[in-house]
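S.K.: sequence and predicted structure are below.
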Amino acid sequence: MVTGKGGTGKTSVAAALALGLAAGGRRTLLVEVEGRQGIAQLFGTDPLPYEERHLTDARDGGEVRALAVDAEEALLEYLDMFYKLGAAGRALRKFGAIDFATTIAPGLRDVLLTGKVKEATTRTNGQRRAYDAVVLDAPPTGRIGRFLNVTAETARLAKVGPIKTQSEGVAVLLRSPMAAVHVVTLLEEMPVQETVDAIAELTQLGFPVGRVIVNGARPPVPTGRAVSSAELKRGLAAAGLPADARTVAALAGEARDQQVRRELEDSLRGDLVELGLPLTELPLLPDGVDRAGLETLAEALVRAD
Amino acid sequence: MPSEDAAPPLDVDQILADPGVRIVVCCGAGGVGKTTTAAALALRAAERHGRRTVVLTIDPARRLAQSLGLTELDNTPRQVKGIDVEASGGELHAMMLDMKRTFDDVVLQHTDPAKAAEIFANPFYQAMSSTFAGTQEYMAMEKLGQLHARGEWDLIVVDTPPSRSALDFLDAPARLSRFLDGRMLRLLLAPARSGGRSMFSFVTAGFGMFSKAVQKVLGAQLLTDLSGFVAALDSMFGGFRQRAEQTYRILQARETAFLLVAAPEPDAVREAAYFAGRLREEHMPLAGLVLNRVHRPAVPELSAADSRAAAARLEDAGGHEGTVEVLRAHAALAQQAVREQRVAARFTEAFPAVPTVSVTAQPADVHDVDGLRTIGEAISQR
């Protein structure tokens, strides 16, 4: 499960993790649950249906499949499994009844979503599991505790019945050694604060926190020493570049701003190290996250493992 | 070539100074500096334009909240001290939304204390008032309506909830009031209310089957609780819808200005474009786009490639380590700026008439009023 504050790139990290884990002839499933179609946008494909589809090949014969879980579809599938609704189920959707049912019980929506993830994770084809790994692009840090803590939410509302049983099964899997929640952050104050808060919450709820993943990281400050204007002027002249006062001052200003930023980043990095969890840094991709960039991130993630 | 030059410039001072503008709504994806932007604009309206301003924040970062003197979530506006309003005569008040308390207040306002106590004790109300996916958006609208009705402020600046999608802010109130008002709810609860007799007399067999399935899946207890909740809320239904519609109309009025907030990242720009389209559909007044965290090299004429090549030449020649570092840093910055312009152009191409302002990325995060003032100056390009 991959979470993180909005804007930290958790979808890209989840996709890279699915790619990395599929390398070498394995098969993984990349799942999204918030109806954002983030995976389709990232890979430039048509919107994903509620159906496991081939997404992309991974290195050395691997395969990543993708699934966008939709709570309404999952409820219909679920009802059909237990009550054989058939055409009546489709009529209900037209009625808006499915939307209604997932609205009256907020916890129900999350149980249906995580229930589908559990089903894919534990499904087998003969002796072999259908997927070597399932990677969930989970809700952001602000909602992750509530999303995963399905039993608490449903217990308040549904005191008996199959939903209760279902949510207990999900709870066991999510707290087992098979599961891990990775938290993605940037080296910026708010995402780091939310990371610290989310890890405290997840730990308290008994979910296994995997690693802290710093996205868009630049290496720590190299020298920490500011270059003087005279030195810069000589350097620019030696490189055959304009070395007039305006250029020198402007470049020195850029360097100063970057230095302030880097020092703040170093101090935030220190806060993350203090968490005592494995920390993985993914490099800043200067041209944004394209397919090659995802491959770079995938390698960095797998190397860290 | 820079994308922002294609769009007309956004003059936020003109908006903040206009006495006809009473509400500024900041909306956009999460993580783009929406709350900071809202706070900075509110401060500027008070300090520069002498307006009696209140800023409604939803979930501010701790240090930003502290900088506004907000130490607790007490759901009422508090005056912000230590700002520079001597010359202008303005005021700044700030508050954080407490969604549960706002919901409780609505209930208390519409019903008698005994009924309210019954509603508060209902587990369904508890779940809905604290976790329902649209409650925060609905309550933000409710609070905006309340602040507006009190008529105490010249200007209300609203930060919107960090929704899954920015559109939730517009959709949730309607969804929630439709739900609370809903025919569906009454259908589903019909058996519980009438002792289970009438279900099949007026709805399809499919619905009866569905209701039974829901009972089985969720357990009968849930329907009993829900029934109690709905019965208790019955008297309030009309009120809920009326209030949502009222606030909606205020948002369409000339006194409101929507500001989209984005960062030059693909997701944030896509959200902003969706939102711009949606506002147009709903006839809501879009004043412009604030593009935060834009990187702009101070020496634009030196390209990333040239800078990198020069760094390599110097490194080969030996010496000048300091300059090599500066050139590499400049190259990274220049490359990022080019990428950001490409991303931002996606919005400008789709909405060429929307005024836009680019705000240069600040080297450090904002923790105090001085920082907010600096951001305000950057947004107004002063």
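M.R.: Great, that's in hand.

S.K.: show me where the chain has its strands.
M.R.: Answering for chain A, as no chain was given. Secondary structure of chain A (DSSP state E): strands at A:2-4, A:27-32, A:53-58, A:62-68, A:124-125, A:128-129, A:133-137, A:181-185, A:209-217, A:279-283.

S.K.: the chain in question should be chain B.
M.R.: B:23-27, B:52-57, B:78-79, B:91-96, B:155-159, B:256-262, B:286-294, B:356-360.

S.K.: where's the first one relative to the chain centroid, distance-wise?
M.R.: Offset of strand B:23-27 from its chain centre (CA atoms, centre = their mean, to the nearest Å): 8 Å.

S.K.: what strands flank that strand, and is each parallel or antiparallel?
M.R.: Its sheet considered, strand B:23-27 pairs with strand B:155-159 (parallel), strand B:256-262 (parallel) by DSSP bridges.

S.K.: contacting residues around that strand?
M.R.: Contact partners of strand B:23-27, identified using CB atoms under 8 Å, 6 or more residues apart in numbering or on different chains, comprise B:15-16, B:34, B:37-38, B:41, B:144, B:148, B:155-160, B:166, B:169, B:250-251, B:255-261, B:275, B:287, B:290. All C-beta spots, glycine's among them, are computed from the backbone N, C-alpha and C.

S.K.: report the angle between it and strand B:52-57.
M.R.: Here strand B:23-27 runs at an angle of 20 degrees relative to strand B:52-57 (axes from the mean of the first three to the mean of the last three CA atoms, to 10 degrees).

S.K.: return the alpha-carbon coordinates of strand B:23-27 using CSV.
M.R.: C-alpha atoms of strand B:23-27 as CSV (Å, rounded to 0.1, in the frame of the first residue of the first chain):
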residue,chain,number,x,y,z
ILE,B,23,-16.2,36.5,-1.1
VAL,B,24,-13.0,35.0,-2.6
VAL,B,25,-13.0,31.2,-2.9
CYS,B,26,-9.6,29.5,-3.4
CYS,B,27,-9.9,26.1,-4.9
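
S.K.: in the chain, which helix or strand is least confident?
M.R.: Picked chain A for this. helix A:97-104 (a mean of 61; mean pLDDT, DSSP states H and E).

S.K.: was after chain B, sorry
M.R.: Bottom-ranked secondary element of chain B by mean pLDDT, DSSP H and E: helix B:199-202, a mean of 38.

S.K.: you'd agree A:Leu297 is up against A:Ser12?
M.R.: Yes - counting by CB atoms under 8 Å, A:Ser12 is a contact partner of A:Leu297 at 6.8 Å.

S.K.: which neighbours do the two share?
M.R.: Counting by CB under 8 Å, 6+ apart, the residues touching both A:Leu297 and A:Ser12 are A:Val289.

S.K.: how far off centre is stretch B:49-59?
M.R.: 14 Å.

S.K.: before we move on, back to that, kindly reformat the strands of chain A as TSV containing mean neighbour count, distance to B:Pro77 and mean pLDDT.
M.R.: Converted to TSV, the strands of chain A look like this (neighbours: other CB atoms under 10 Å in any protein chain shown; distance: least, CB to CB, whole Å; pLDDT from 0 to 100):
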stretch	mean neighbour count	distance to B:Pro77	mean pLDDT
strand A:2-4	28	32	97
strand A:27-32	25	39	97
strand A:53-58	16	49	96
strand A:62-68	23	41	96
strand A:124-125	8	58	90
strand A:128-129	12	56	90
strand A:133-137	25	38	97
strand A:181-185	27	32	98
strand A:209-217	22	37	95
strand A:279-283	19	41	95
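
S.K.: can you give me the neighbour number for whichever residue of the stretch 151-300 of chain A sits closest to chain B?
M.R.: Chain B sits closest to A:Gly235 of the stretch 151-300 of chain A, with a gap of 2.5 Å, by CB to the nearest CB. The local packing of A:Gly235 (other CB atoms under 10 Å in any protein chain shown) involves 26 other residues.

S.K.: residue contacts, it?
M.R.: Counting by CB under 8 Å, 6+ apart, A:Gly235 makes contact with A:Val227, B:Leu314, B:His320, B:Gly322, B:Thr323, B:Val324, B:Val326, B:Leu327.

S.K.: same question, A:Pro278
M.R.: Contacts of A:Pro278 (CB under 8 Å, 6+ apart): A:Gly210, A:Arg211, A:Val212, A:Ala304.

S.K.: mind redoing it with 7 Å?
M.R.: Going by CB atoms under 7 Å, 6 or more residues apart in numbering or on different chains, A:Pro278 touches A:Arg211.

S.K.: gap between the residue in the stretch 201-350 of chain B that chain A sits nearest to and B:Ala305?
M.R.: Residue nearest to chain A within the stretch 201-350 of chain B: B:Thr323 (2.5 Å; CB to the nearest CB). Separation of B:Thr323 from B:Ala305 (CB to CB, to the nearest Å): 17 Å.
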